[in-house]
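K.L.:
coords please:
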Amino acid sequence: MKREKTSKQTSGFSRFKHPMPRFLSEKCTQEKYQHWLKWKANAHYKRDRKRKYPGATQARWKEAIHEAVKRCKGKDDYTGRLLRWDLLRKYDNKKAKGAGIRYKKKFAGLPSVDHYNPLRRQPDFRICAWFVNDAKSDLTYGEFLNLCRAVLKHQSRRI
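P.N.:
Purely as a prediction, here's the structure:
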């Protein structure tokens, strides 16, 4: 989805503090990205504030998530698979309740924000698919890798 550049954008400036990375230009709009970024930063900030993360501010969390998006280059940080940025703002809770797991599986590749190491208490985020984030849950990266290794080791015995 190509958008016309404004004179501000062509001169190197953007009206957005966190302009959408170029790799997303064909996948979603600047408005959807801004909404997602604000929503995710707010959700993580609220949760982390309750967990007593030092220095938690919405602005700091938003900046950290935006930097994580730029680093991921559109791919899941854990699997390397392309994320489904086209799904931003399309998930519908009512439809999910009605259709159940079949509906939710359509959104498995939806980008989500993961605390890379939740014990660190700093805004150290990674961008990954919703289903990967769900599997990792509150594990640290090392704990998640150990879990994956244990699953592979156990399953290799069964083959």
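K.L.:
how much space is there between His154 and Thr140?
P.N.:
As defined by Cβ to Cβ, to the nearest Å, His154 lies at a distance of 21 Å from Thr140. C-beta: built from backbone N, CA, C; applies to glycine.
K.L.:
name the residue in these two with the higher neighbour count.
P.N.:
Taking neighbours as other Cβ atoms under 10 Å, His154 and Thr140 compare with Thr140 leading, 15 against 9.
K.L.:
not counting sequence-adjacent ones, nearest residue to that one?
P.N.:
Asn117 (4.8 Å; Cβ to Cβ, 6 or more residues apart in numbering).
K.L.:
now do the contacts for the one you found.
P.N.:
Neighbour list for Asn117: 124, 140-141 [criterion: Cβ atoms under 8 Å, 6 or more residues apart in numbering].
K.L.:
ok so it is a helix residue?
P.N.:
No. Counting by DSSP: H, G, I helix; E, B strand; the rest coil, Asn117 falls outside a helix, being coil.
K.L.:
confidence score at it?
P.N.:
Listed pLDDT for Asn117 reads 83.
K.L.:
how about it, phi and psi?
P.N.:
Per-residue torsions, Asn117: phi -140, psi 90 (degrees, to the nearest 10).
K.L.:
and Lys105, how many neighbours?
P.N.:
Counted with other Cβ under 10 Å, residues neighbouring Lys105 total 11.
K.L.:
how far away is it from Arg84?
P.N.:
Separation of Lys105 from Arg84 (Cβ to Cβ): 12 Å.
K.L.:
how about Phe23?
P.N.:
For Phe23, the distance to Arg84 - Cβ to Cβ - is 13 Å.
K.L.:
the more surrounded of those two?
P.N.:
Of the pair Phe23 and Arg84, Arg84 is the one with more neighbours under other Cβ under 10 Å, namely 19 against 14.
K.L.:
quick one: contacts for that one?
P.N.:
The contact partners of Arg84, taken as Cβ under 8 Å, 6+ apart, are 107, 109-111, 129.
K.L.:
Leu82 now?
P.N.:
Leu82 is in contact with 74-76, 109, counting by Cβ under 8 Å, 6+ apart.
K.L.:
could you redo the last one with a cut-off of 6 Å?
P.N.:
Lys75 (Cβ atoms under 6 Å, 6 or more residues apart in numbering).
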